[in-house]
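In: Test case, fold it:
(4 chains)
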Protein chains: 2
Amino acid sequence: MADDDFQLQYFLPYLLNQAAEASSLEFQQIYKSRYGMLRTEWRVLFHLGLYGQLTASEIGQRARMHKTKISRAVHRLTERRFVTRTRDDGDRRVEHLSLTRQGQAAYDDLRAVAQRYNAALMDTLDPAEAAVLRRALLKLSDVAQGGFT
Amino acid sequence: MADDDFQLQYFLPYLLNQAAEASSLEFQQIYKSRYGMLRTEWRVLFHLGLYGQLTASEIGQRARMHKTKISRAVHRLTERRFVTRTRDDGDRRVEHLSLTRQGQAAYDDLRAVAQRYNAALMDTLDPAEAAVLRRALLKLSDVAQGGFT
DNA sequence: CTGTAATAGTTGGATTTGTAACTAACAAGC
DNA sequence: GCTTGTTAGTTACAAATCCAACTATTACAG
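Out: Residues are numbered from 1 along each chain as shown, chains lettered A, B, ... in the order given. Take a look at the predicted model:
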C-alpha cells in the first residue's frame, strides 16, 4: 500500500470499533433502561448466567476485564440483589458469585433479547459471510500480544 | 437457536467489542506514549490528515463522535500546536480546522505506524477472509437504527 | 425589523474508567 | 515460628466521558 493510500475505512481497529459501537447501541439501551445496568454489569450477569457460579477472577479472565471493573460491577449487582457472594471455605480470599432468583430472571430476559437482537444482526449478513466474520473476529481477539514491529 | 444454546462467543456485539479492544491495544500504546494522545485526539488528527481542512461538525459526522468529544479533542490538539482553527468568513459560527506542520508530522508518523500495524493484523487473516470481514464490518456499522424488535 | 427556531461549538457537573496503592489471606523457605 | 512473595479483591484519586444546559451566530416567518 503506498503511503498516501491509507484510508481509515481500511484500518481494522477503526472499522472494528465502529461496528462494535453501532451494533451494540440498541442492546445497550435495553439493559440500561430496563435494569439500569452498565456494560460491565451486563457482562458479569451474562457470565454468571452462562457458566453458573464463578469467582471475580474467573470472570476477569474469561471476559478480559480488569479486576477493578469487575469489583465495581459486582458491588452494584449485589446492591441491587442480582448477585450473591459466598466466601470459599478453603481459601477465604475467594468469593463465589452467583445469581439470585432476581438476577436469573433479569438474565433470562436479557438473554432472550440478546438472541433476537443477534439474529437480527445476523440477518443483515449472509450465512457464509457470518461464519467467516466470526472466525476472523476470534482470531483478531487473540492477536493482542506478540509485538508486530 | 434453543433458549439454552446462547453463547457469548456467538453474540456479535460482544465478539466485535473483544476484537476491537484487542486489536487496538498496541496501536493505542504507541500514540499515547509517543504523543500523549487519546483515542479521540488520534481520530481527529487522522481525519484532518486524510481529508484536509474540516470543521468540527464534519469530523463528527464522519467519525460518529459526539460534538463534545470533538470539542475537547480539538482543544487539546490546539494547545499542543497540532491543529489550528480559522473562523469561516461567511458563517462566523464555523471553524475550519487544519494540521500545523507539527500536526502533519505526527500524522505522517502515526499513519506509517498504522499501516504497518494494519498489515500485521491482515496477515493473520487470509485475503478472502479479510475482504469478507471488511464488507461485513461496514454493513454492521450501518445497522444502528431501524428497530429489530 | 422582530421573534422563534436551528446550528456550531463550549462548558459544568455527575458518572465512569484507569492506575496505583492498599488490605487480607495464603504459600513457601528457612 | 517469621519473613518474603503471591493472589483475591477493594479503595482512592486522577482522568475521561456523558448529558444537559449554555453562548453566539445564522435562518426564516410574519
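In: quick one, strands of chain A?
Out: Here chain A has its strands, by DSSP state E, at A:54-55, A:83-87, A:95-99.
In: Go through those and name the closest to B:Ala22.
Out: strand A:54-55 (21.6 Å; CB to CB). Every residue, glycine included, has its C-beta placed from N, CA and C.
In: Against B:Glu21, how distant is the closest residue to DNA strand C within chain A?
Out: For chain A and DNA strand C, the shortest gap (CB to the nearest atom of the strand) falls at A:Arg92, measuring 3.5 Å. The spacing between A:Arg92 and B:Glu21, counted by CB to CB, to the nearest Å, is 33 Å.
In: same thing with A:Asn118?
Out: Separation of A:Asn118 from B:Glu21 (CB to CB): 19 Å.
In: So between those two, which is more surrounded?
Out: A:Asn118 (21 against 18; other CB atoms under 10 Å in any protein chain shown).
In: Wait, that one touches B:Phe11, no?
Out: Yes - between A:Asn118 and B:Phe11 there is a contact at 5.4 Å, judged by CB atoms under 8 Å.
In: Quick check: nearest residue in space to A:Leu110, chain neighbours excluded?
Out: A:Tyr31 (5.6 Å; CB to CB, 6 or more residues apart in numbering or on different chains).
In: Tell me how many other residues crowd that neighbour.
Out: Neighbours around A:Tyr31, by other CB under 10 Å: 21.
In: need the contact list for it.
Out: A:Met37, A:Trp42, A:Leu110, A:Val113 (CB atoms under 8 Å, 6 or more residues apart in numbering or on different chains).
In: Closest to the centroid, which residue in chain A?
Out: In chain A, the centroid-proximal residue (CA atoms, centre = their mean) is A:Arg43; its distance is 4.4 Å.
In: Please name the nearest non-neighbouring residue to that residue.
Out: That would be A:Ala63: by CB to CB, 6+ apart, it lies 5.3 Å from A:Arg43.
In: The one you found and B:Arg135, how far apart?
Out: 28 Å.
In: more neighbours, those two?
Out: Per other CB under 10 Å, whichever of A:Ala63 and B:Arg135 has more neighbours is A:Ala63, with 19 against 14.
In: isn't that one right next to A:His47, touching?
Out: Yes - the pair A:Ala63 / A:His47 is scored as a contact, 6.1 Å apart, by CB under 8 Å.
In: Which residues of chain A lie near DNA strand C?
Out: Within chain A, the residues that sit near DNA strand C (CB under 7 Å from any atom of the strand) are A:Leu38, A:Arg39, A:Thr40, A:His66, A:Thr68, A:Lys69, A:Arg72, A:Gly90, A:Asp91, A:Arg92, A:Arg93.
In: again, only this time at 10 Å
Out: A:32, A:36-41, A:65-69, A:71-73, A:76, A:87-94 (CB under 10 Å from any atom of the strand).
In: which of those are buried?
Out: A:Met37, A:Leu38, A:Arg39, A:Thr40, A:Glu41, A:Met65, A:Lys69, A:Ala73, A:Arg76 (16 or more other CB atoms under 10 Å in any protein chain shown).
In: And the fourth one, how far from DNA strand D?
Out: Spelled out, it's A:Thr40. 12 Å (CB to the nearest atom of the strand, to the nearest Å).
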